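1. make a model of this:
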Amino acid sequence: MVVEIPNLFTQEEVNDILDKLSKAEFIDGKKTAGWNARGVKNNQQLKKNDPTAAALKEKVKSTLSKNLLFQSTVRPKPIHTMLFSRYEMGMSYGRHTHHPLCIKWPPLQRAVAGPLSAGYRAGSGIHPNAKSYLT
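-> Numbers count the residues shown, from 1 in each chain. Predicted structure coming up:
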């Protein structure tokens, strides 16, 4: 299911987040891939202990927690894991399945992903200026 949440962030917020991400340290995305996705995952992810990671995650979590469309569509209990992924020219995440069912407690987990870019329209493909994604 594709749900577009318009105006989740202001243009200034998007610019600030993307600016911070452009200066942050990213690592090979294969390090967070499961065994079945490791062979097709070719992206970068924000290093977990990068100084900007905690502040960016808190900003996004705070914004999502206040958005009624997100809350009613996803119906999250806690938002516990957030990854910032980046795709440079030629990178992709090949055919794979996410692991939406968690074996640990809580027993069910939804995987939610989306581009972080002003001007992106759902279903229109990757926005040419969108290089960072939330997963």
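
2. now the strand or helix carrying D16: average pLDDT?
-> Using DSSP states H and E, D16 maps to helix 11-23. Averaged over helix 11-23, pLDDT sits at 88.

3. can you list the buried residues in it?
-> V14, I17, L18, K20, L21 (16 or more other Cβ atoms under 10 Å). For every residue, glycine as well, the C-beta is placed using N, CA and C.

4. what lines up beside the helix or strand that it is followed by in the sheet?
-> Toward the C-terminus, helix 11-23 is succeeded by strand 26-28 as the next helix or strand (DSSP H and E). Paired with strand 26-28 in the same sheet, following DSSP bridges, are strand 44-46 (antiparallel).

5. flag every buried residue along the strand it pairs with.
-> For strand 44-46, using 16+ other Cβ under 10 Å, the buried residues are Q44, Q45, L46.

6. just the C-alphas of stretch 27-40, formatted as CSV.
-> Provided in CSV are the C-alpha atoms of stretch 27-40 (Å, rounded to 0.1, in the frame of the first residue of the first chain):
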residue,chain,number,x,y,z
ILE,A,27,28.4,2.9,5.9
ASP,A,28,27.8,0.0,3.5
GLY,A,29,24.1,-0.9,3.7
LYS,A,30,24.9,-4.6,3.5
LYS,A,31,25.9,-4.4,7.2
THR,A,32,22.2,-4.1,8.1
ALA,A,33,20.8,-6.5,5.5
GLY,A,34,19.5,-9.9,6.4
TRP,A,35,21.0,-13.0,4.7
ASN,A,36,18.5,-13.0,1.9
ALA,A,37,19.0,-9.3,1.0
ARG,A,38,22.8,-9.0,1.4
GLY,A,39,23.4,-10.1,-2.2
VAL,A,40,21.2,-7.4,-3.7
